[in-house]
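Peer 1: structure of the sequence below:
(one chain, ligands or ions: 3)
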Amino acid sequence: MKSLYSIENSYYRSVPEDLKLMAIEEKWFIYNSVTLGWGILDKNELEILFNPAGSDEKYCTDLYNAGLIQCNGQYIFLQEKELDEVITYFEINLTNTCNIRCKYCVSNFNYSQKAINMDNKTSTNIINALKTYIEEKNIDSVTIEFSGGEPLLNFNIIQKFVTGLANIKCNISYVIQTNGLLLDMSKIQFIKNNNMIQLAISVDGITEKQNSNRVDKNNKPILNKVNEIIKKIKSSQIPFSIVIVVSEQNVDNIEQIIQYFIENNITETFSLLPLLPFGIASENQITIEIKKYVEALIKLHENYLLQKNTETEQSIVERNMGVISSYIFSPGRGYICNQNPCGAGRKIVSIGPTGKIYPCYGFQEIDEFLLGNINDGYNFSAITDSPIAQKLYLRNVEEIESCKECPYKLWCNGGCVTNSYLRHKDIMQRDEIYCNINKSLIEKILFEYSDNDKMINYLRKIKKSWDTL
Ligand SMILES: C[S@@+](CC[C@H](N)C(=O)[O-])C[C@H]1O[C@@H](n2cnc3c(N)ncnc32)[C@H](O)[C@@H]1O
Ligand code: SF4
Ligand code: SF4
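Peer 2: Ligands and ions are numbered 1, 2, ... in the order given. Reported below is the predicted structural model:
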């Protein structure tokens, strides 16, 4: 066949009903509700946006590349319309008690009551239900996180899961979220032999003051013991990440703490959690001012991680900035907690030691969110259609009254649904904690870092860790 057919000219046009505008100072913040592409425009640029045909080709290409206008009838990318409804993250809480007594623990333990540890029957039922679900949905990879309470109090059950699920046709990654104190050589060896197990160790600092919220049953510091364990794990060459709860006790030293772990080659992977004012933290009135938390996070990136990540081969991961950057710099919403609506009861579930299933960790032991019990035959495929999960799916940021006028709602889902519930007893409220964090980081990137090539290249580098989650 011979044909001379070709599209020679690019024809640009905007679809006004897809464009949402918000004024910020002298500029316009625009996003496209179909692509979630965005831009900050001045008045002249705004006029061309609504009437691009026939105007400057270069500028039109920029608008097209940003996902704001169409070229030859099509957008450059589209946001994913349907959010996946297959659960791939299973949090399994192996006990409702702990070997230590953190002063801020989110859990509402009653240490005087008899502890409940997950038993053989419950774990067998979970393993069987997991096998059935994975096969039925043809899932190729899942993550199982063991938490609690302190999951190492019930290590036999961890072993049972790992061996019980060893031969199924699915990649299973395990995370053990632990205070680390019960890690002896035999447990370390088991973890080493099973390299799909990742360890996340909670430690808040490198001095007793910084770690002073984490104490033993006699209110004595545990830091020296944790340090010994960390040395042991390190010498066994097991990779692990560190989870730091940022409180008034360590907020002024975050950079020093991270620097210590990096300079001593201990780990390059960190989660910096803001202290949440729930559970025992609320009884003890232990808090963190979120403004201080955000300032510490920003200082850490600007003063230390930027230099470390750009001038060395190191690739240091800090979750908050990584997730926000991945949303601002490219389409897609990978991270379960920041999807809109979030993944509670859709991508993630949390199972308690007696087999009770909840949509997420923060809903543990709240009857209103109890999906069912694995020991009563409740199965994972019933979750996504359950009235509880369906109610959670309605928590779209567009439906949260106090978020409606927010320019940043395309990147924020109104914060964490469990935080909203625990504070307001209403899931349709915004979560003020992550509202403040997200807003501050987004504004930093848009209005300060955007003219700083070095910073932008750095953020593009760290965003990659969150693109595939
Ligand atoms: C409840 S613990 C359970 C696992 C294990 N016992 C541990 O400490 O790692 C899970 C994580 O939540 C963190 N955490 C506990 N209370 C918190 C709070 N009030 N705010 C934020 N994170 C908290 C812990 O430091 C830990 O990293
Ligand atoms: S944070 Fe972890 S280690 Fe601390 S009391 Fe709670 S469950 Fe135990
Ligand atoms: S929670 Fe805050 S930052 Fe997020 S969309 Fe709502 S108002 Fe905006």
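
Peer 1: residues of the protein that sit close to ligand 2?
Peer 2: The interface of the chain toward ligand 2, taken as CB under 6 Å from any ligand atom, is made up of Cys98, Ile100, Arg101, Cys102, Cys105, Ser107, Gly148, Gly149, Glu150, Asn179. Bear in mind the C-beta positions are built from the backbone N, C-alpha and C, glycine included.

Peer 1: of those residues, which one scores lowest on pLDDT?
Peer 2: Among these, Ser107 carries the lowest pLDDT, at 86.

Peer 1: give the contact list for it.
Peer 2: Asn96, Cys98, Gly148, Gly149, Gly279, Ile280, Gln364 (CB atoms under 8 Å, 6 or more residues apart in numbering).

Peer 1: what helix or strand does Lys234 sit in?
Peer 2: Lys234 belongs to helix 223-235 when elements are defined using DSSP states H and E.

Peer 1: whichever residue of the stretch 201-350 of the chain sits closest to ligand 3 and Ile445, how far apart?
Peer 2: Residue of the stretch 201-350 of the chain nearest ligand 3, by CB to the nearest ligand atom: Asn340 (9.2 Å). Computed as CB to CB, to the nearest Å, the Asn340 to Ile445 distance reads 19 Å.

Peer 1: these two - which one has more neighbours?
Peer 2: Each of Asn340 and Ile445 has its neighbours counted (other CB atoms under 10 Å); Ile445 has more, 21 against 18.

Peer 1: just checking, what packs against the helix or strand hosting the more buried one?
Peer 2: Here Ile445 sits within helix 432-447, counting by DSSP H and E. Where contact means 3 or more CB pairs under 8 Å, 6 or more residues apart in numbering; DSSP states H and E, helix 432-447 is packed against helix 290-299, helix 319-329, helix 417-424.

Peer 1: next, the angle helix 417-424 makes with it.
Peer 2: With axes from the mean of the first three to the mean of the last three CA atoms, to 10 degrees as the basis, helix 432-447 and helix 417-424 are set at 130 degrees to each other.

Peer 1: does helix 432-447 reach ligand 1?
Peer 2: No: taking CB under 6 Å from any ligand atom as the criterion, helix 432-447 and ligand 1 are apart, separated by no less than 9.7 Å.

Peer 1: after that helix, which helix or strand is next? Please name it.
Peer 2: Per DSSP H and E, helix 432-447 leads on to helix 453-467 as the next helix or strand towards the C-terminus.

Peer 1: that next one - contacts with which helices or strands?
Peer 2: The helices and strands touching helix 453-467, judged by 3+ CB pairs under 8 Å, 6+ apart, are helix 306-311, strand 317-318, helix 319-329.

Peer 1: before we move on, the earlier item: can you pick out the most distant pair from the residues of the chain next to ligand 2?
Peer 2: Spatially, the most separated pair among the residues of the chain next to ligand 2 is Arg101 and Gly148, at 13.6 Å (CB to CB).

Peer 1: which intervals of the stretch 51-200 of the chain have sub-threshold pLDDT?
Peer 2: For the stretch 51-200 of the chain, no stretch is flagged by pLDDT under 70.

Peer 1: which bits of it sit near ligand 1?
Peer 2: Cys98, Tyr104, Cys105, Val106, Ser107, Ser147, Gly148, Glu150, Gln177, Thr178, Asn179.

Peer 1: of these, which pair is most distant in space?
Peer 2: Tyr104 and Thr178 (16.6 Å).

Peer 1: picking up where we left off before, settle this for me: the residue of the stretch 201-350 of the chain closest to ligand 3 is touching Asn413, isn't it.
Peer 2: Yes: under the criterion of CB atoms under 8 Å, Asn340 makes contact with Asn413 at 4.0 Å.

Peer 1: shared neighbours of those two, anything?
Peer 2: Any residue near both Asn340 and Asn413 by CB under 8 Å, 6+ apart counts here, and that gives Asn396, Val397.

Peer 1: sorry, back to before: which of the helices and strands packed on helix 453-467 has the lowest mean pLDDT?
Peer 2: strand 317-318 has the lowest average pLDDT among these, namely a mean of 84.

Peer 1: which secondary structure elements does that strand sit against?
Peer 2: Other elements packing on strand 317-318 under the criterion 3+ CB pairs under 8 Å, 6+ apart are strand 269-274, helix 453-467.

Peer 1: returning to that earlier point: adding mean neighbour count and distance to Gln70, write the helices and strands packed on helix 453-467 out as JSON lines.
Peer 2: Formatted as JSON lines, those follow (neighbours: other CB atoms under 10 Å; distance: least, CB to CB, whole Å):
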{"stretch": "helix 306-311", "mean neighbour count": "15", "distance to Gln70": "36"}
{"stretch": "strand 317-318", "mean neighbour count": "19", "distance to Gln70": "36"}
{"stretch": "helix 319-329", "mean neighbour count": "22", "distance to Gln70": "21"}
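
Peer 1: how about TSV for the ones you listed, with distance to Cys71 added?
Peer 2: Listed next are the helices and strands packed on helix 453-467 as TSV, based on distance: least, CB to CB, whole Å:
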stretch	distance to Cys71
helix 306-311	34
strand 317-318	36
helix 319-329	21
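
Peer 1: right, and the ones you listed - which one's nearest Lys114?
Peer 2: Of all these, helix 319-329 comes closest under CB to CB, at 36.0 Å.

Peer 1: out of the helices and strands packed on helix 453-467, nearest to Met196?
Peer 2: Nearest to Met196, of the helices and strands packed on helix 453-467 and by CB to CB, is strand 317-318 at 18.6 Å.

Peer 1: any chance you could list what contacts that closest one?
Peer 2: Strand 317-318 is contacted by residues 241, 258, 268-272, 297, 300-301, 305, 462, 465 when judged by CB under 8 Å, 6+ apart.

Peer 1: can you tell me which of those is closest to Glu57?
Peer 2: Closest approach to Glu57 among these (CB to CB): Ile462, at 33.4 Å.

Peer 1: is it true that that closest one touches Ser325?
Peer 2: Yes: with contact defined as CB under 8 Å, Ile462 counts as touching Ser325 (6.1 Å).

Peer 1: for ligand 3, tell me which of the contacts of Ser107 show up nearby.
Peer 2: Near ligand 3, by the rule CB under 6 Å from any ligand atom, you find none of the contacts of Ser107.

Peer 1: turn those into a markdown table, columns for secondary structure.
Peer 2: Converted to a markdown table, the contacts of Ser107 look like this (DSSP: H, G, I helix; E, B strand; the rest coil):
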| residue | secondary structure |
| --- | --- |
| Asn96 | coil |
| Cys98 | coil |
| Gly148 | coil |
| Gly149 | coil |
| Gly279 | coil |
| Ile280 | helix |
| Gln364 | coil |
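
Peer 1: show me which of the residues you listed is closest to ligand 2.
Peer 2: Proximity to ligand 2 was ranked across these by CB to the nearest ligand atom; first place goes to Cys98, at 3.2 Å.

Peer 1: the closest residue to the closest one other than its chain neighbours: neighbour count?
Peer 2: Closest residue to Cys98 apart from its sequence neighbours, by CB to CB, 6 or more residues apart in numbering: Glu150 at 4.5 Å. Residues within reach of Glu150, counting by other CB under 10 Å, total 21.
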